[in-house]
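Asker: Quick one, fold the following:
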Amino acid sequence: MSTLPISISTLTAQRRHLLLVSEDESTISRLTAMVLQSDFHIGIISDDFPFLTNLSALENIVLGCMYHKTMSLHSCRKKIQDLVDALGVNESLDQQAQFMSRPMLLKMHLLRCMANESTFIFLPTLSRSDCDILHRAAEILDQDVFLWVACLSIDQDVYTSLEYPVIELNSTP
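Answerer: From the prediction side, this is the model:
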């Protein structure tokens, strides 16, 4: 597997929203693998990382927090309650993912990233409407959270109006 000409630390040093553009899907897949293996607090929102169907939204959101920090469900809920209130999703926390609208599900995925203390959130090839929903939700949270939208170069024009700085993943630095 070839490496990318850009590193995770180069991306995190930006500390802002980014539009990551690639000529091919394999580059985005390699970046996804790098994000998963990184030691940085980077969340991923993608249909490839779904909620578990037998758990409620709250249980899915705090599962990582409970496991990695050996915290109770109640303690984890308390930790994210301000974020839950800001997004106005209290009533949906007991629902299972398959019964949620797409916008609500995306907010729950954002909360999962935030519960795991992700400062950076990678969005590999999400639709523009999904990115808009997540951008608005991140703004509502008013915290240091940076979205990295990855797209193919042929689709770049669709994402340009986000006004995120563009980083070409296939070019050498």
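Asker: drop to CA atoms for contacts and neighbour counts, all remaining ones
Answerer: Noted.
Asker: Which neighbours in the sheet does the top strand by length along the chain have, and how are they oriented?
Answerer: Assignment by DSSP state E gives strand 146-152 as the longest strand of the chain. Paired strands of strand 146-152, with direction, are strand 18-22 (parallel), strand 120-124 (parallel) (DSSP bridges).
Asker: so where do the helices sit in the protein?
Answerer: 8-14, 25-37, 57-69, 73-87, 102-115, 128-141, 156-159 (DSSP state H).
Asker: which one of those is the most hemmed in?
Answerer: helix 102-115 (a mean of 22; mean count of other C-alpha atoms under 10 Å).
Asker: picking up where we left off before, between the helices of the chain, which one is nearest to W148?
Answerer: The minimum distance between W148 and the helices of the chain falls on helix 8-14, with 8.8 Å, by C-alpha to C-alpha.
Asker: Name the residues that touch that closest one?
Answerer: Identification of contacts with helix 8-14 by C-alpha atoms under 8 Å, 6 or more residues apart in numbering yields M34, V35, S38, F120.
Asker: L141 and L83 touch, don't they?
Answerer: Yes: using C-alpha atoms under 8 Å, L141 is in contact with L83, at 6.3 Å.
Asker: just to revisit the earlier point, for D94, which of the helices of the chain is the nearest?
Answerer: Minimum separation from D94 across those (C-alpha to C-alpha) falls at helix 57-69, 6.0 Å.
Asker: Let me know the angle separating that closest one from helix 102-115.
Answerer: Taking axes from the mean of the first three to the mean of the last three C-alpha atoms, to 10 degrees, helix 57-69 and helix 102-115 form an angle of 20 degrees between their directions.
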